[in-house]
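Colleague: got a predicted structure plus its sequence, pasted below:
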Amino acid sequence: MSRASRSSKPFKISDSLSRQLNAYAQVACAAGVSMLALAGASEAEVVYTETHQATHIGIPLYIDLNHDGINDFLVRTNFYVGTSGTDVALSAWGARNADNLVAGRRFSGGSGYFFSAAYALHAGAQIGPKRDFSVTFPFMAEEHFDRAGNLYSDIGSWASKGEGVEDRYLGLKFVILGEVHYGWARVSVTLGHQRQFDDVSGTLTGYAYETVPDKPIIAGEITGPDVITVQPTALGELATGK
């Protein structure tokens, strides 16, 4: 399809996105900020944000998918010491909203033990209504050490048998003004096997969401006529008035 034919059929944005863009525009005008940062956003269906952030023990890594100043998801490193040993884990879940969910399912750990784990999706995976979002507080990867400090298990798709993964995707489902939207977060995971804080760590390198309610999104798709790329400060600071 030519660009001329595309322009003859302008994309109609949802009411929720329209209200968000209006809010951004009002803040930008009040601050005297150039509207070039917002140009094209109303024509895009997928908004992609470039970033580079690493997890740290005790400090959640928050993701504000639509840059409205409200955190939608968080990725967190945990360190547990219990009677059976030590666990170092990386988890992801919705922030402040029970309707914000990470794609995953319950897995069997053997002997009747089950746990909720997030999918480590590959680029090209479709994230939408048919994806499983049935679990809450899913973990991504975990190392378990016995009381003597010996590593004896790596658990989770993101652990990948202790080798970690590079550029896998969290499937995300979240709510904007009562409407369900889908998105993804690109994360690489490393495991240190040393029973230390941050031994299992994640690096967030980008995230995106579909502006059309209930429409699936393709993991890792960051180019094309329906995609706009923004920097975290381009819309986020405008939305919050910083």
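Modeller: Nice, thanks for sending it over.

Colleague: for the rest of this, base every contact and every neighbour count on C-alpha atoms.
Modeller: Fine.

Colleague: number of nearby residues for G58?
Modeller: Per other Cα atoms under 10 Å, the neighbour tally for G58 reads 12.

Colleague: surely it touches T77?
Modeller: Yes: using Cα atoms under 8 Å, G58 is in contact with T77, at 7.0 Å.

Colleague: and the residue nearest to the spatial centre of the chain, what are its bridge partners?
Modeller: Closest to where the C-alpha atoms of the chain average out (Cα atoms, centre = their mean) is A185, at 3.3 Å. For A185, the beta-bridge partners are L170, Y207 (DSSP bridges).

Colleague: ok, it - contacts?
Modeller: A185 makes contacts with 169-172, 204-208, as judged by Cα atoms under 8 Å, 6 or more residues apart in numbering.

Colleague: and these, which is closest to H52?
Modeller: Of all the contacts of A185, H52 sits closest to T205, with 4.6 Å by Cα to Cα.

Colleague: quick one: that closest one from D132, how far?
Modeller: When distance is defined by Cα to Cα, to the nearest Å, T205 is 24 Å away from D132.

Colleague: is the residue of the chain positioned farthest from its centre in a helix, a strand, or coil?
Modeller: Largest separation from the mean C-alpha position in the chain: A148, at 35.5 Å (Cα atoms, centre = their mean). Following DSSP: H, G, I helix; E, B strand; the rest coil, the label given to A148 is coil.

Colleague: for it, give me its contacts.
Modeller: Counted by Cα under 8 Å, 6+ apart, A148 has contacts G85.

Colleague: same check on the one 5 residues further on?
Modeller: Remark: with contacts taken as Cα under 8 Å, 6+ apart, S153 is in contact with 143-145.

Colleague: what strands line up against the helix or strand harbouring it, and which way round?
Modeller: Applying DSSP states H and E as the criterion places S153 in strand 151-155. Here strand 151-155 is paired, per DSSP bridges, with strand 139-145 (antiparallel).

Colleague: mind checking how far the strand it pairs with is from the chain centre?
Modeller: Remark: strand 139-145 is offset 19 Å from the chain centroid, using Cα atoms, centre = their mean, to the nearest Å.

Colleague: the residue nearest to D87 when sequence neighbours are not counted and S188, how far apart?
Modeller: Excluding its sequence neighbours, the residue lying closest to D87 (Cα to Cα, 6 or more residues apart in numbering) is H144, at 4.6 Å. As judged by Cα to Cα, H144 and S188 stand 20 Å apart.

Colleague: R168 too?
Modeller: Taking Cα to Cα, one finds R168 at 6 Å from S188.

Colleague: higher neighbour count, these two?
Modeller: More crowded of R168 and S188, by other Cα under 10 Å: R168, with 21 against 18.

Colleague: identify the bridge partners of the nearest residue to D154 once chain neighbours are set aside.
Modeller: Distances taken as Cα to Cα, 6+ apart place E143 nearest to D154, at 4.7 Å, with adjacent residues excluded. Per DSSP bridges, the residues bridged to E143 are V88, D154.
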